[in-house]
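Trainee: no sequence on this one, just coordinates:
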């Protein structure tokens, strides 16, 4: 059996796999259609950017505290709080009708993301040691992209077939299933044996490798926020109605990349793998500038998925190897917080750029941010890749 796949024989990982797949799928079934739904309600791109970015902004506020709590109390109770908040916000979509109600729901959803995301990645990084631990992280991120990719690619089809209200019901059923598995089947995992080796949040943040990971994950999520939020609107503006071809291509490549990430890391090293992945995403965001067509959407989706699929598991493994386990959840919360900052700043900024300067300016700005942050990662991590 493939070493990575052997982790599925572990009962704790089986529980995490089911609950994580249902959670990620349930939350991402709504994400691609929300901008279209908001646009149909007469909202401008700036308003849409504010609503979509609100989730990441709130998550950022909670991440540091949640990371410390996961280090002290274990990851399972943190996961359960996040799942309950996701359930409440999903129910809220049935009654939300205007800009402010949707904004509030997305703000609360951000706190859910902070709890669930930090708890889940810490849970995965706590299963086993050595190769078992690496396999747990690799397959956890593979499941993330499976749920992420399938949810994004199926969202438009499901939305067209059953409508927004029924799609909310499907999402809610998946989230309830995830909560039940984590509550009644999974066992607690306490990562630390004591608090004597724990460093302060600022001490962890100042670590060069944490700052390097912060820069790289910021770039990835900045690009993700721009592309995943505004590619549907850019496609429609160019007369391409079936924008899901991008998300389908993205889903295929991002899922496939998770099976290759270990071999890629073994060949190039964790740091260089991240740089090459960012280069693939850079090409992806430049392609729509050259020409917007269905072929461009397919190629852009494939390249963006490859890069997006490699970066996060590589950064998680980088921190797991370099940071003491008593500070692991804190360092991982900083990593995910950098993604929140990237996503929030992207949707806030890109909404205004798209509305006033157009989608070409949006993609070019995204490319500049990718180049600048990847350079920062190279300098902070001390590598000199030949690219």
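Mentor: Structure's in. What do you need? These numbers were taken from a predicted model, which means no experiment stands behind them.
Trainee: give me the mean pLDDT for the helix ranked longest in the chain.
Mentor: Secondary structure of the chain per DSSP state H: the longest helix is helix 130-162. Helix 130-162 shows a mean pLDDT of 78.
Trainee: list the buried residues of the following helix or strand past it.
Mentor: The first helix or strand that comes after helix 130-162 along the chain, using DSSP states H and E, is helix 164-184. Counting neighbours by 16 or more other C-beta atoms under 10 Å, one finds that the buried residues in helix 164-184 are 164, 167-168, 170-172, 174-179, 181-182. Heads up, the C-betas are built off the backbone N, CA and C, glycines and all.
Trainee: same question, stretch 229-236
Mentor: 229, 230, 231, 232, 233, 234, 235.
Trainee: what's the helix or strand for the closest residue to residue 69 other than its chain neighbours?
Mentor: Nearest residue to residue 69, sequence neighbours excluded (C-beta to C-beta, 6 or more residues apart in numbering): residue 78, at 6.3 Å. Here residue 78, judged by DSSP H and E, is contained in helix 76-92.
Trainee: circling back: which parts of the longest helix of the chain are buried?
Mentor: 133-156, 158-159.
Trainee: and the angle for that helix with helix 164-184?
Mentor: 150 degrees (axes from the mean of the first three to the mean of the last three C-alpha atoms, to 10 degrees).
Trainee: you'd agree residue 46 is up against residue 352?
Mentor: Yes. Assessed by C-beta atoms under 8 Å, residue 46 is found in contact with residue 352 at 5.3 Å.
Trainee: hmm, back to that, in TSV, list the buried residues of helix 164-184 along with distance to residue 212.
Mentor: Shown next, in TSV, are the buried residues of helix 164-184 (distance: C-beta to C-beta, whole Å):
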residue	distance to residue 212
164	41
167	39
168	39
170	39
171	35
172	39
174	35
175	34
176	39
177	37
178	32
179	35
181	35
182	32
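Trainee: and the least confident of the residues you listed?
Mentor: Lowest pLDDT within those is found at residue 164 (82).
Trainee: next up, the contacts around that one.
Mentor: By C-beta atoms under 8 Å, 6 or more residues apart in numbering, the residues touching residue 164 are 33, 37, 93.
Trainee: which of these sits closest to residue 243?
Mentor: Proximity of the contacts of residue 164 to residue 243 (C-beta to C-beta) peaks at residue 33, which lies at 10.6 Å.
Trainee: do I have it right that the residue nearest to residue 69 meets residue 114?
Mentor: No. Between residue 78 and residue 114 there is no contact under C-beta under 8 Å: 9.1 Å.
Trainee: compare these two (neighbour count), which wins?
Mentor: The neighbour count for residue 78 versus residue 114, taken as other C-beta atoms under 10 Å, is higher for residue 114 (30 against 25).
Trainee: quick check: which ranges of this protein have low pLDDT?
Mentor: 1-4, 128-131, 133-134, 189-198, 383-387 (pLDDT under 70).
Trainee: now the helices for the chain?
Mentor: 11-28, 33-40, 45-73, 76-92, 99-125, 130-162, 164-184, 201-205, 208-237, 244-268, 270-290, 294-322, 328-356, 359-381.
Trainee: quick one on the thing from earlier: show me what counts as buried in the helix holding residue 78.
Mentor: Residues of helix 76-92 classed as buried by neighbour count (16+ other C-beta under 10 Å): 76, 78-87, 89-90, 92.
Trainee: redo the residues you listed as a markdown table? Include distance to residue 259.
Mentor: Formatted as a markdown table, those follow (distance: C-beta to C-beta, whole Å):
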| residue | distance to residue 259 |
| --- | --- |
| 76 | 27 |
| 78 | 28 |
| 79 | 25 |
| 80 | 30 |
| 81 | 32 |
| 82 | 27 |
| 83 | 27 |
| 84 | 32 |
| 85 | 32 |
| 86 | 28 |
| 87 | 31 |
| 89 | 32 |
| 90 | 30 |
| 92 | 36 |
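Trainee: between those, which is nearest residue 265?
Mentor: Ranked by distance to residue 265 (C-beta to C-beta), the buried residues of helix 76-92 are led by residue 79 at 26.4 Å.
Trainee: how close does the closest one sit to residue 7?
Mentor: As judged by C-beta to C-beta, to the nearest Å, residue 79 and residue 7 stand 18 Å apart.
Trainee: contacting residues for the nearest residue to residue 205 once chain neighbours are set aside?
Mentor: Of all residues not flanking residue 205 in the chain, residue 334 sits nearest, at 5.8 Å (C-beta to C-beta, 6+ apart). Applying C-beta under 8 Å, 6+ apart to residue 334 gives the contacts 63, 64, 67, 204, 205, 210, 213, 214.
Trainee: ditto for residue 248
Mentor: With C-beta under 8 Å, 6+ apart, residue 248 has these contacts: 153, 301.
Trainee: identify the spatial nearest neighbour of residue 116, chain neighbours not counted.
Mentor: residue 82 is the one closest to residue 116 (C-beta to C-beta, 6+ apart), at 2.7 Å.
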